[in-house]
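# kindly return the folded structure for what I paste below:
(chains A and B)
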2 protein chains.
Amino acid sequence: MIQIRKLDSTAENFKAQLAAVLAFEASEDEAIDRAAAQILADVKIRGDAAVLDYTNRFDKLDAQSVAGLEIAQDELRAALDSLAPARRAALQTAADRVRAYHERQKKECGSDGFTYAEADGTVLGQKVTPLDRVGIYVPGGKAAYPSSVLMNAIPAKVAGVQEVVMVVPTPAGVKNELVLAAAAIAGVDRVFTIGGAQAVGALAFGTATIPQVDKIVGPGNAYVAAAKRRVFGIVGIDMIAGPSEILVICDGTTDPDWVAMDLFSQAEHDELAQSILVCPDAGYIARVEASINKQLDAMPRKEVIRTSLTNRGAMVKVRDMDEACEIANLIAAEHLEISAENPQQWADKVRHAGAMFLGHFSSESLGDYCAGPNHVLPTSRTARFSSPLGVYDFQKRSSIIHVSQAGAQTLGKVAAELAYGEGLQAHAGSAEYRLK
Amino acid sequence: MIQIRKLDSTAENFKAQLAAVLAFEASEDEAIDRAAAQILADVKIRGDAAVLDYTNRFDKLDAQSVAGLEIAQDELRAALDSLAPARRAALQTAADRVRAYHERQKKECGSDGFTYAEADGTVLGQKVTPLDRVGIYVPGGKAAYPSSVLMNAIPAKVAGVQEVVMVVPTPAGVKNELVLAAAAIAGVDRVFTIGGAQAVGALAFGTATIPQVDKIVGPGNAYVAAAKRRVFGIVGIDMIAGPSEILVICDGTTDPDWVAMDLFSQAEHDELAQSILVCPDAGYIARVEASINKQLDAMPRKEVIRTSLTNRGAMVKVRDMDEACEIANLIAAEHLEISAENPQQWADKVRHAGAMFLGHFSSESLGDYCAGPNHVLPTSRTARFSSPLGVYDFQKRSSIIHVSQAGAQTLGKVAAELAYGEGLQAHAGSAEYRLK
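Numbers count the residues shown, from 1 in each chain, chains lettered A, B, ... in the order given. Next comes the predicted model:
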């Protein structure tokens, strides 16, 4: 029997209980932060030599040079060719769908920029350009997911990034063929088998062998997260990801076995993952709980699931679906399944979620792999202010200001007046020179 | 005589010389970082009491409560009403133009989101929503700029943010009336006279009196920057701004006095500001230098200008305007003036810049105050990967995935195949349940 926390929204201290369920603080380990800082400083000064030292030490390799840690395109292609046909076809279908969605996103998100002219001939606008070069961090070991390679590399390529450099540690020299195959399909330009803070440093500062990138994306362990936080500003970074989460709000019309399995699919990621069900029907909640206990033993990762559901899972009885939507806005979940009849009416009430999966057939796992939208999503309530990884993360904008001679007459007087108000006489002078 | 560094792109070690000119490292002061961390921790635990203590101590106030540190809307309105008519009109014109530009930006940057249906009825898309509540940090003292209030608050309001909370320290109780007037014009909802790491903590965690926000924007001193870096992830933050910079690339057709004054307008900000001229005409560079020395003494902030130009300024002789554009891409300047005939031809070659000011009449100062585009721009080469502050910084996206029953049949097989490949059986099971 799994003991999953039960909450009831009519309880007096419900808000506090819910806050306790959601509370998660990434342990800020000063020792890890200092170690990451030292590795970064060393890579900055010693470049390749430092990268080689750390890689041989931490990943138990015996490489002679950083160049020897690069995987050639031929090897990526060979990994792809070695896949079983069904797996290769699935990977290709997923890549094609992810690319199609992100091309649509590029078209819809203002990638062409804009300009407009005012009556006096002044032209204002915004130019949109891709980043030149991007680094993708791919974890080694148990969390090495080929789907993540697709989800990080394809939006960069769709945005028009010239060069995508992937780093992936290979502890004890073990390479993940599916990860290399995904890199081949996604069009990754260069791959180095390095990881940790030393890989972040190499990408952020550049070395003789590893080119400096403009932004680093992708998940990693605590050292990688600490290193990314420290190089933020030298390069761009994506969000620092927390544990993965699913919130299912259900009106009680979905097969309980389906919802139980959806909760499992989040819980199986790791012990810190969070699965929450919110439903107005106490009887339905009991049926999902029964299904969880019925199905658990058949799960290969049942111990991870058990720990995750016990420590971080919850089932919340609410008054109605409206209240379920309010709670969804409080939780601002990474993944939100609205498993209900006519789900759009509830989706319209949700402001904060990384991705919304609508209706009985939209399991989160379809989105994780192949629906098309990105599976890199804001965790830990950061959907309140951040977005799925997208084409826009690999583009940036420049303002365009082309003031006409006539425009300089009106704007110059306004600017000079305000510049004097701020005590900046050269600003005023610069505007006044353009007055006739 | 100001001694400004001269560089020549034909010199053998030119790239290294240029790198030396650009080199700027924000001193990472561990003591400041620790102090900020302690203040944050204290505000998180003690809330209002901590905010009150630090504010009374650091700003030499004698407030009895945090509520007493709030400035009522009436007082903002009174500050606006007290302005001289010309200054008030200038501030209103600037606000109107900034609002008009950002409304255009909102319309052009995909703010409506999108959805599209596939042949089998599956619907994919992206929902765009504003942040609920945003905090704006406004520095007190010498760097208190009313224009910054407009530039930070107006895009948030245009994006649809419900509540904009401004914090501005008032050391010794001195309020800047122009800043308060700008808050009134921009529609800021609440203003607290607090600053430093304690203000960042109050906005990030919320206190009994100060509401928790979803994102904090605006510049501040080293303590504020350290605090913002630490709360990144709990709330969103904008970039950590470095010293302001201008790069003027000029074909020699602009009045040298104008260009000299444009370089001054950046240099007068502070001693660390950077002004660089790039030009293919050595004679023209000499004329600008002569103008600098001729005009300097008349500048009220001449000592700041002298220090900035001496320590961080440069004049670069290049082969031609094409090379000037290449260098502009290397420098990725916050402000780029293309002071030339037919500037568009050169603008087309520039990929990296915060804002581009085209033609002889587009002085940076017009953009600083009233052209319309935002004056909060990426500094220190971060224009390689980041953008002017904009409406998009106050919006976020949610993916929409509504898979039809037919869609679940094809997607489910692909997802299950890849889930098995990653060893995630619950993911596979969740997809397979949706198969008929």
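# ranges for the strands of the stretch 251-400 of chain A?
A:274-279, A:314-317, A:335-339, A:355-358, A:395-402 (DSSP state E, counting those that start in this stretch).
# give me the angle between the first one and strand A:335-339.
Here strand A:274-279 points in a direction 30 degrees away from that of strand A:335-339 (axes from the mean of the first three to the mean of the last three C-alpha atoms, to 10 degrees).
# who does strand A:274-279 pair up with?
Next to strand A:274-279 in the sheet, as set by DSSP bridges, lie strand A:245-250 (parallel), strand A:314-317 (parallel).
# okay if I get those strands as JSON lines plus mean neighbour count and mean pLDDT?
In this view, the C-beta of every residue, glycine as well, is placed from N, C-alpha and C. Shown next, in JSON lines, are these (neighbours: other C-beta atoms under 10 Å in any protein chain shown; pLDDT from 0 to 100):
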{"stretch": "strand A:245-250", "mean neighbour count": "27", "mean pLDDT": "98"}
{"stretch": "strand A:314-317", "mean neighbour count": "22", "mean pLDDT": "98"}
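# what's the closest of those to B:I136?
The closest of the strands paired with strand A:274-279 to B:I136 is strand A:245-250. By C-beta to C-beta, the value is 29.7 Å.
# ok, residues contacting the closest one?
Outside strand A:245-250, the residues that touch it by C-beta atoms under 8 Å, 6 or more residues apart in numbering or on different chains are A:259, A:262-263, A:265-266, A:273-279, A:284, A:321, A:324-325, A:327-328, A:331, A:333-340, A:346, A:353, A:364, A:379-380.
# make it 7 Å
A:259, A:262-263, A:266, A:273-279, A:284, A:324, A:328, A:331, A:333-340, A:346, A:364, A:379 (C-beta atoms under 7 Å, 6 or more residues apart in numbering or on different chains).
# next one: stretch A:380-388
In contact with stretch A:380-388 (C-beta under 7 Å, 6+ apart) are residues A:24, A:239, A:242, A:331-334, A:352-355, A:373-374, A:376-378, B:131-132, B:214-215, B:233, B:235-236, B:396-399.
# which of the residues you listed are buried?
By neighbour count, with 16 or more other C-beta atoms under 10 Å in any protein chain shown, those hold A:239, A:242, A:331-334, A:352-355, A:373-374, A:376-378, B:131-132, B:214-215, B:233, B:235-236, B:396-399 as buried.
# how about the strands paired with strand A:274-279 in a markdown table, adding distance to B:M1?
Shown next, in a markdown table, are the strands paired with strand A:274-279 (distance: least, C-beta to C-beta, whole Å):
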| stretch | distance to B:M1 |
| --- | --- |
| strand A:245-250 | 64 |
| strand A:314-317 | 72 |
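# compare those and report which one is nearest to A:E417.
Across those, closest to A:E417 is strand A:245-250 (C-beta to C-beta), at 51.6 Å.
# and the stretch 151-300 of chain A, which residues reach chain B?
In this structure, the stretch 151-300 of chain A approaches chain B at residues A:178, A:214-215, A:233, A:235-236, A:240, A:257-258, A:261-262, A:264-265, A:268, A:299-300, judged by C-beta under 7 Å from any C-beta of the partner chain.
# change it to 6 Å
Neighbours of chain B within the stretch 151-300 of chain A, by C-beta under 6 Å from any C-beta of the partner chain: A:178, A:214-215, A:233, A:236, A:240, A:258, A:261-262, A:264-265, A:268, A:299-300.
# list of residues touching the helix or strand of chain A with the lowest mean pLDDT?
Within chain A, no helix or strand scores below helix A:222-231, which has a mean of 92 by mean pLDDT, DSSP states H and E. With contact meaning C-beta atoms under 6 Å, 6 or more residues apart in numbering or on different chains, helix A:222-231 is reached by A:32-33, A:36, A:40, A:196-197, A:200, A:204, A:237, A:240.
# can you check stretch A:252-260 too?
Under C-beta under 6 Å, 6+ apart, the answer for stretch A:252-260 is A:248, A:250, A:281, A:284, A:287-288, A:291-292, A:295, A:339, A:341, A:360, B:433.
# residues of it that come out buried?
Within stretch A:252-260, the residues that qualify as buried by neighbour count (16+ other C-beta under 10 Å) are A:252, A:254, A:256-260.
# shouldn't A:V134 be within a strand?
Yes. Counting by DSSP: H, G, I helix; E, B strand; the rest coil, A:V134 is located in a strand.
# let me know the pLDDT of it.
Looking at A:V134, its pLDDT reads 98.
# tell me the helix or strand right after the longest helix that chain A contains.
If you go by DSSP state H, chain A has its longest helix at helix A:85-108. Counting by DSSP states H and E, the next helix or strand C-terminal to helix A:85-108 is strand A:114-117.
# can you name every helix or strand that that following strand contacts?
For strand A:114-117, the packing partners by 3 or more C-beta pairs under 6 Å, 6 or more residues apart in numbering or on different chains; DSSP states H and E come out as strand A:123-130.
# the residue nearest to A:G160 when sequence neighbours are not counted: neighbour count?
Once flanking residues are discounted, A:G160 sits nearest to A:P130: 3.6 Å by C-beta to C-beta, 6 or more residues apart in numbering or on different chains. A:P130: 21 surrounding residues under other C-beta atoms under 10 Å in any protein chain shown.
# where does the stretch 101-250 of chain A have low pLDDT?
For the stretch 101-250 of chain A, applying pLDDT under 70 flags the ranges A:142-143.
# and A:V174, how far is that from chain B?
Distance of A:V174 to chain B, computed by C-beta to the nearest C-beta, to the nearest Å: 15 Å.
# how many residues are close by that residue?
There are 12 residues near A:V174, going by other C-beta under 10 Å.
# A:F58 versus that one, what's the distance?
Separation of A:V174 from A:F58 (C-beta to C-beta, to the nearest Å): 14 Å.
# so what's A:V200 up against?
A:V200 neighbours (C-beta under 6 Å, 6+ apart): A:224, A:227-228.
# which non-adjacent residue is nearest the most centrally placed residue in chain A?
In chain A, the centroid-proximal residue (C-alpha atoms, centre = their mean) is A:V376; its distance is 3.2 Å. Once flanking residues are discounted, A:V376 sits nearest to A:L389: 3.7 Å by C-beta to C-beta, 6+ apart.
# just A:T122 next, same as before
A:G407 (3.5 Å).
# my guess is the one you found meets A:D120, correct?
Yes. When contacts are counted by C-beta atoms under 6 Å, A:G407 is listed as touching A:D120 (4.6 Å).
# these two: who's more crowded?
A:G407 (24 against 14).
# domains of chain A?
Domain ranges of chain A: A:5-24+A:242-371, A:30-112+A:132-237, A:403-433, per automatic domain parsing.
# please identify the most buried of those domains.
Burial of the domains of chain A is given as mean neighbour count (mean count of other C-beta atoms under 10 Å in any protein chain shown); domain A:403-433 ranks first at a mean of 23.
# measure stretch A:385-395 end to end?
19 Å (C-alpha to C-alpha, to the nearest Å).
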